[in-house]
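Engineer: here are the coordinates; sequence isn't available:
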């Protein structure tokens, strides 16, 4: 900013503060209000309580002074029901400056975006139930599904998950306990994939296959599937609670993501709707899954090329370990010093 002409700095300042209704308070080192200015009335600060502790008019300032750091930023505070602000505390040699900026418009936009996300998640849940769970004969009427239920060819992303036992600890866990843990994690898998706009296509005791690109979403199917794959690994690690990869006799999931053409269709019977899919993308996932180690994500070149910003999370897998023709990529391990 120091390289910009003063007229440009002044313009940027006025533009950025045009709808922020700034208020400043000048405080001494004890937090007592010396003076202030700006849109005081918009924050019920007029008349200004000069000589009073700032905490008497702004509750969130209680105990914040003196600062341990050079500056302090408190975002999206709600000192009143109809007020939302950002607070910036800036020290100088003998005092503090408190800057308040109105963030009601940003909060309104955030809530609107959250509402849209909630509506989309609800729509996905309804569609997923129609496609993968028991449905009535009206199940053929699927709102906003991005494919023809009667059948069509299209490019999709396939996410395949495999859960494996920690053999050295298998005998330590009673079978009933192990199966219950497996069932619980499968339910979590299905719920998380539905939330990420995936549809569960097939499921066995230790394998789950989901399809991406059939439900409305804001990003491409490959990026959806890879984001979901990385999220699954983080979720499993969090569930372990630091007890190690073999905790509970279940290893972290092996995950594969492939992208390609498939024939998609829906069989609607009197009491159920079944999603059918066949094609190179599913075959590629089946071929690559045995090569995926527990706790890792493998993906083919087509998915990697369509991954957008998620490419940074993956690196090439040595050709000798690849189960498919062509490049295969694996998620980068976190390297700690």
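Structural biologist: That came in fine, so what should we check first? What you see is a predicted model, and the numbers here were worked out from it, not measured in a lab. Residues are numbered from 1 along each chain as shown.

Engineer: for residue 15, list the residues it contacts.
Structural biologist: Contact analysis of residue 15 by Cβ atoms under 8 Å, 6 or more residues apart in numbering lists nothing. Every C-beta, even on glycine, is put in place using the N, C-alpha and C of the backbone.

Engineer: got phi/psi on it?
Structural biologist: The phi/psi pair for residue 15 (degrees, to the nearest 10) reads phi -70, psi -40.

Engineer: how many other residues sit next to residue 276?
Structural biologist: Here the number of neighbours of residue 276 (other Cβ atoms under 10 Å) works out to 12.

Engineer: so it, which of the three states?
Structural biologist: Secondary structure for residue 276, judged by DSSP: H, G, I helix; E, B strand; the rest coil, is strand.

Engineer: now do the buried residues in stretch 26-40.
Structural biologist: Neighbour counts over stretch 26-40 (16 or more other Cβ atoms under 10 Å) mark 26, 27, 31, 32, 33, 36, 38, 40 as buried.

Engineer: now do that stretch: everything it contacts.
Structural biologist: Here stretch 26-40 makes contact (Cβ under 8 Å, 6+ apart) with 21-25, 45-55, 57, 61, 64-66, 94-98, 100, 102.

Engineer: tell me how far the ends of that stretch are from each other?
Structural biologist: Terminal residues of stretch 26-40 are spaced 13 Å apart (Cα to Cα, to the nearest Å).

Engineer: quick check: mean pLDDT of it?
Structural biologist: Averaging pLDDT along stretch 26-40 gives 88.

Engineer: one more: stretch 101-111?
Structural biologist: Across stretch 101-111, the average pLDDT comes to 79.

Engineer: count of neighbours near residue 256?
Structural biologist: Under the neighbour criterion other Cβ under 10 Å, residue 256 is assigned a count of 30.

Engineer: any idea what it is bridged to?
Structural biologist: Under the criterion DSSP bridges, residue 256 forms beta bridges with residue 160, residue 298.

Engineer: identify the residues contacting it.
Structural biologist: Remark: with contacts taken as Cβ under 8 Å, 6+ apart, residue 256 is in contact with 158, 159, 160, 285, 288, 289, 292, 297, 298, 299.

Engineer: distance check, it against residue 41.
Structural biologist: Per Cβ to Cβ, to the nearest Å, residue 256 is found 60 Å from residue 41.

Engineer: okay, now the domains of the protein?
Structural biologist: Using automatic domain parsing, the domain parsing of the chain gives 6-102, 110-331.

Engineer: which strand or helix spans the residue nearest to residue 300 when sequence neighbours are not counted?
Structural biologist: Using Cβ to Cβ, 6 or more residues apart in numbering and skipping residues adjacent in sequence, the residue nearest residue 300 is residue 258, 4.8 Å away. When secondary structure is defined by DSSP states H and E, residue 258 falls within strand 254-268.

Engineer: do residue 192 as well
Structural biologist: Taking DSSP H and E as the definition, one finds residue 192 inside helix 175-195.

Engineer: mind listing residues that contact stretch 301-312?
Structural biologist: Among residues not part of stretch 301-312, those counted as contacts by Cβ under 8 Å, 6+ apart are 157, 219-223, 225-227, 230, 257-260, 299, 314, 326-329.

Engineer: out of these, which sit inside strands?
Structural biologist: By the criterion of DSSP state E, membership of the contacts of stretch 301-312 in strands covers 157, 257, 258, 259, 260, 299, 314, 328, 329.

Engineer: now, which of the residues you listed sits nearest residue 73?
Structural biologist: Minimum distance to residue 73 across the ones in strands among the contacts of stretch 301-312 is 34.0 Å, recorded for residue 314 (Cβ to Cβ).

Engineer: next, the contact list for that closest one, please.
Structural biologist: With Cβ under 8 Å, 6+ apart as the criterion, the residues that contact residue 314 are 226, 297, 299, 304, 307, 329, 330, 331, 332.

Engineer: with residue 292 instead?
Structural biologist: 162, 254, 255, 256, 298.

Engineer: go again with 10 Å.
Structural biologist: If a contact means Cβ atoms under 10 Å, 6 or more residues apart in numbering, then residue 292 has 160-162, 253-257, 285, 298-299, 317, 323, 328, 330 as its contacts.

Engineer: go on, residue 92?
Structural biologist: Counting by Cβ under 10 Å, 6+ apart, residue 92 makes contact with residue 26.

Engineer: can you read off the pLDDT for it?
Structural biologist: Note for residue 92: predicted pLDDT of 84.

Engineer: quickly note the distance from it to residue 26.
Structural biologist: 10 Å.

Engineer: what do you get for residue 72?
Structural biologist: Per Cβ to Cβ, residue 72 is found 16 Å from residue 26.

Engineer: just to revisit the earlier point, does the residue nearest to residue 300 touch residue 297 like I think?
Structural biologist: No: Residue 258 sits out of contact with residue 297 when judged by Cβ atoms under 10 Å, with a separation of 11.6 Å.
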